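*Asks:* Fold the following for me, if possible:
(one chain, ligands or ions: 1)
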Amino acid sequence: MFNRQAIEEKEIAGLAPYAVRSRLSRGRAHSEKEHEWRTAFQRDKDRILHSTAFRRLTYKTQVFVNYEGDHYRTRLTHTLEVAQIARSIGRNLALNEDLIEAISLAHDLGHGPFGHAGERILAELMKDHGGFDHNVHTLRIVEELEESYNSFRGLNLTYEVREGIKKHRTAFDRPSKDGMFTSLEAEVVNLADEIAYDSHDLDDGLRAELLEEEEIKEAVSIWREIGDYIQKANPGIRPVQRKRFAIRLLVNQLVTNMLEETTERLAKNNIKSLDDVQSAREPLVAFPRGFESKRKELKDFLSCKLYNHYRVARMTNKAERVIRAIFNAYLERSDQLPPDVVKKAGMYGLHRALCDYIAGMTDRFALDEYSRFFEPYERV
Ligand code: MG
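*Replies:* Next up, the predicted model:
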């Protein structure tokens, strides 16, 4: 049987010299006795998974609002895909998979209802009151808003997990403070996030019939190469299986390119320790420079044909109307707020308490709240 110390020893012996070791963690804001069986990072990932904010991801939008269909990605399934991709990359690079999993599971906790549309409108409503950004809000959830423990607010996560969350940065996400990464584990999660959404948004777009294979082929060269490969390898394949196969090959292609480039950069920059990682002059986890233009084709295509599709725009606009309306309804008459939110308004000010409350809502709760406010015959 392995107790915590034994698992820590295994990490020290088995992980790459540049990986983060749980025994060397810089610790938690409130000191706690170490667990008998689990390392600090195992404990963090468990805390995140059991948090209220994590369960709410089930009913939060990735691209498609929850009621649009049962087979689209939600924030939760997106998060699980990020964790899966990041962990498998982490295992190849002999990094700390528990740390990777903890950062992955937490990375989108701060998203409000309706994805980026929800974030945009909350940012606008809060612009004179400290703003809103889902990355900053993720940190606020784990440091302040979760209320599961007696002796501290938040989840009291380790420094390394909080740094990983803070530095989370993708084409979509704006980090709170720019800077280099503190661990390869955090960098891996960051790019795994992009690999996950670039490929599953394409998949969902095809499934929703907002995208056509022919137009992807025309605009995205990776998709053409994958199509040619499938044609040769499996000419009789049925269309549905062909699409699934193509998405699998796309994820594989992105991961493989990233692993090769990362291995090269680790060698080229002579990375031998965590210190070397932290003082590196360039991102170490990356795609090959020559491959970036191909990724850009894919991203440009998604942005133009999916994220700006008129049906997605309708979902987005509806979401904005809903959030704006309920925010203003509360603001106008704060006696409509439940007592715990009123209490929070005393602690953080009314605007911040409203923003926290709404950001915590799932899509369906926000829509129900909207009906309760504005449908005359809806029970309140
Ligand atoms: Mg994400």
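*Asks:* quick one: low-confidence parts of this protein?
*Replies:* Per-residue confidence for the chain (pLDDT under 70) gives these ranges: 168-180.
*Asks:* which parts of the stretch 151-300 of the chain sit against the ion?
*Replies:* Counting by C-beta under 5 Å from the ion, the residues of the stretch 151-300 of the chain close to the ion are D193. Every residue, glycine included, has its C-beta placed from N, CA and C.
*Asks:* which secondary structure element contains the single nearest residue of the stretch 151-300 of the chain relative to the ion?
*Replies:* Of all residues in the stretch 151-300 of the chain, D193 sits closest to the ion, at 4.3 Å by C-beta to the ion. Using DSSP states H and E, D193 sits in helix 184-207.
*Asks:* got the CA positions of that helix in PDB?
*Replies:* Written as PDB, here are the backbone C-alpha positions of helix 184-207 (Å, rounded to 0.1, in the frame of the first residue of the first chain):
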ATOM      1  CA  LEU A 184       5.100  23.100 -17.700                       C
ATOM      2  CA  GLU A 185       2.000  21.500 -16.100                       C
ATOM      3  CA  ALA A 186       0.200  24.900 -16.400                       C
ATOM      4  CA  GLU A 187       1.400  25.400 -20.000                       C
ATOM      5  CA  VAL A 188       0.200  21.900 -21.000                       C
ATOM      6  CA  VAL A 189      -3.300  22.600 -19.700                       C
ATOM      7  CA  ASN A 190      -3.300  25.900 -21.500                       C
ATOM      8  CA  LEU A 191      -2.700  24.400 -24.900                       C
ATOM      9  CA  ALA A 192      -4.800  21.300 -24.200                       C
ATOM     10  CA  ASP A 193      -7.700  23.700 -23.700                       C
ATOM     11  CA  GLU A 194      -7.200  25.000 -27.200                       C
ATOM     12  CA  ILE A 195      -6.800  21.600 -28.700                       C
ATOM     13  CA  ALA A 196     -10.000  20.500 -27.000                       C
ATOM     14  CA  TYR A 197     -12.200  23.400 -28.100                       C
ATOM     15  CA  ASP A 198     -10.800  23.800 -31.600                       C
ATOM     16  CA  SER A 199     -11.600  20.200 -32.400                       C
ATOM     17  CA  HIS A 200     -14.900  19.700 -30.400                       C
ATOM     18  CA  ASP A 201     -16.400  23.000 -31.600                       C
ATOM     19  CA  LEU A 202     -15.800  21.800 -35.100                       C
ATOM     20  CA  ASP A 203     -17.400  18.500 -34.200                       C
ATOM     21  CA  ASP A 204     -20.400  20.200 -32.600                       C
ATOM     22  CA  GLY A 205     -20.700  22.600 -35.500                       C
ATOM     23  CA  LEU A 206     -20.900  19.600 -37.900                       C
ATOM     24  CA  ARG A 207     -23.400  17.900 -35.700                       C
END
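*Asks:* Tell me which other helices or strands it touches.
*Replies:* helix 75-92, helix 97-106, helix 159-166, helix 213-219, helix 239-268, helix 289-301 (3 or more C-beta pairs under 8 Å, 6 or more residues apart in numbering; DSSP states H and E).
*Asks:* Mind listing residues that contact stretch 206-214?
*Replies:* Stretch 206-214 has contacts (C-beta atoms under 8 Å, 6 or more residues apart in numbering) with 64, 68-69, 71-72, 202, 205, 216, 227, 243, 305-306, 309, 311-312.
*Asks:* Next: stretch 145-160.
*Replies:* With C-beta under 8 Å, 6+ apart, stretch 145-160 has contacts from 20, 25-30, 32, 40-41, 44, 47-48, 50-53, 99, 102, 106, 141-144, 182-183, 185, 356, 360.
*Asks:* And it, what's buried?
*Replies:* 145-146, 154-158, 160 (16 or more other C-beta atoms under 10 Å).
*Asks:* ok, of these, which one's closest to E11?
*Replies:* E160 (12.8 Å; C-beta to C-beta).
*Asks:* burial measure for I85, as a count.
*Replies:* I85 has 25 neighbours, counted by other C-beta atoms under 10 Å.
*Asks:* can you tell me which residues contact the nearest residue to it once chain neighbours are set aside?
*Replies:* The shortest distance from I85 to any non-neighbouring residue, by C-beta to C-beta, 6 or more residues apart in numbering, is to A192 (4.2 Å). Shown in contact with A192 (C-beta under 8 Å, 6+ apart): 82, 85-86, 89, 104.
*Asks:* Redo those as JSON lines? Include distance to the ion.
*Replies:* As requested, these are arranged in JSON lines below (distance: C-beta to the ion, whole Å):
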{"residue": "V82", "distance to the ion": "6"}
{"residue": "I85", "distance to the ion": "11"}
{"residue": "A86", "distance to the ion": "11"}
{"residue": "I89", "distance to the ion": "15"}
{"residue": "S104", "distance to the ion": "9"}
